[in-house]
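*Asks:* show me how the following folds:
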Amino acid sequence: MNEDKKDIKTFIKERYSKIAVKEEVCSSCSCCCGGGDSIIQQAREAGYSMEEIKSVPADAVLGVGCGNPTALAEIKEGETVLDLGSGGGIDVFLAARKVGNNARVIGVDMTPKMVENAVKNAEEGGYTNVEFKLGEIEDLPIEDSKIDVVISNCVINLTPDKSAAYNEAFRILKPGGRILVSDLVTDGPIPEEIRKSFKAWADCIAGAMEKQEYLNTIERAGFRDVEIVGAHYFTEPNMDPRLEGKVLSIQVKAGK
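*Replies:* Numbers count the residues shown, from 1 in each chain. Next up, the predicted model:
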């Protein structure tokens, strides 16, 4: 990894470490969060119902994300699920309810404080079928062909190497496995100065890939039947006018 990519990841890790311990609220993020005044409102704007929000530990709800992948992944009892960039654990805990006590849901996150927070949340919530691992989505600490379903929520846009992330997702999936990813992409070019901004990277904008190239990246990793199953344009009151109509939140499904 070149120095620019290392610096981007360091900046993002520091930013999300602060969010994990509530030193920074994610209302300052321009795309990974909703535009509301509260974490709960942000989570609802991302696609979570109040029933889902109330069913998980309060500290698992950080107001980050651009969708609710567990709502569309059709997770079945007995499946093994992996969440890429699991944060406080909200999607892991929602998936854990669906797979049942005899199955397993694993969360991987590159930020130690996020993993610590998620482990604490799991203990407080009494979850026995979840596990959280420290690791990077471009080099997953998971064996080949072990996972039935991969989910991710507004995380892959944060990596400078999306091809590596999708290659890893393909590697760890069982034959016949599937992914359901909520992420941000662009519809048309965005200013170069935004692309070069570390803050815009942490805000989930600078690393957002053009929509068709994003889908092509998934296909090149080996996935079949790549399909957008949900999409909407992102807007917020303080959005840079140059980005209006240029940022899309999409939910993508594909199989191995």
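*Asks:* in the stretch 151-256 of the chain, where is pLDDT below threshold?
*Replies:* 236-237 (pLDDT under 70).
*Asks:* all helices of it, in order?
*Replies:* Under the criterion DSSP state H, counting those that start in this stretch, the stretch 151-256 of the chain carries helices at the ranges 162-172, 192-195, 198-202, 211-220.
*Asks:* would JSON lines of those with mean neighbour count and distance to Gly63 be doable?
*Replies:* Heads up, the C-betas are built off the backbone N, CA and C, glycines and all. Below are the helices of the stretch 151-256 of the chain laid out as JSON lines (neighbours: other C-beta atoms under 10 Å; distance: least, C-beta to C-beta, whole Å):
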{"stretch": "helix 162-172", "mean neighbour count": "21", "distance to Gly63": "23"}
{"stretch": "helix 192-195", "mean neighbour count": "13", "distance to Gly63": "22"}
{"stretch": "helix 198-202", "mean neighbour count": "20", "distance to Gly63": "15"}
{"stretch": "helix 211-220", "mean neighbour count": "16", "distance to Gly63": "24"}
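*Asks:* any chance of the ones you listed in TSV with distance to Ile90 as columns?
*Replies:* TSV is the format used below for the helices of the stretch 151-256 of the chain (distance: least, C-beta to C-beta, whole Å):
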stretch	distance to Ile90
helix 162-172	20
helix 192-195	28
helix 198-202	19
helix 211-220	24
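*Asks:* Asn101: which of the ones you listed is closest?
*Replies:* Smallest distance to Asn101 across the helices of the stretch 151-256 of the chain (C-beta to C-beta): 22.6 Å, for helix 162-172.
*Asks:* quick one: residues in contact with that closest one.
*Replies:* For helix 162-172, contacts defined as C-beta atoms under 8 Å, 6 or more residues apart in numbering pick out 82, 84, 137-140, 142-147, 150, 156, 159, 179, 209, 214, 217-218, 220-223, 256.
*Asks:* how about the residue nearest in space to the middle of the chain: what's its closest non-neighbour residue?
*Replies:* By C-alpha atoms, centre = their mean, the chain has its centre lying nearest to Asn153, at 2.5 Å. Closest residue to Asn153 apart from its sequence neighbours, by C-beta to C-beta, 6 or more residues apart in numbering: Gly65 at 4.2 Å.
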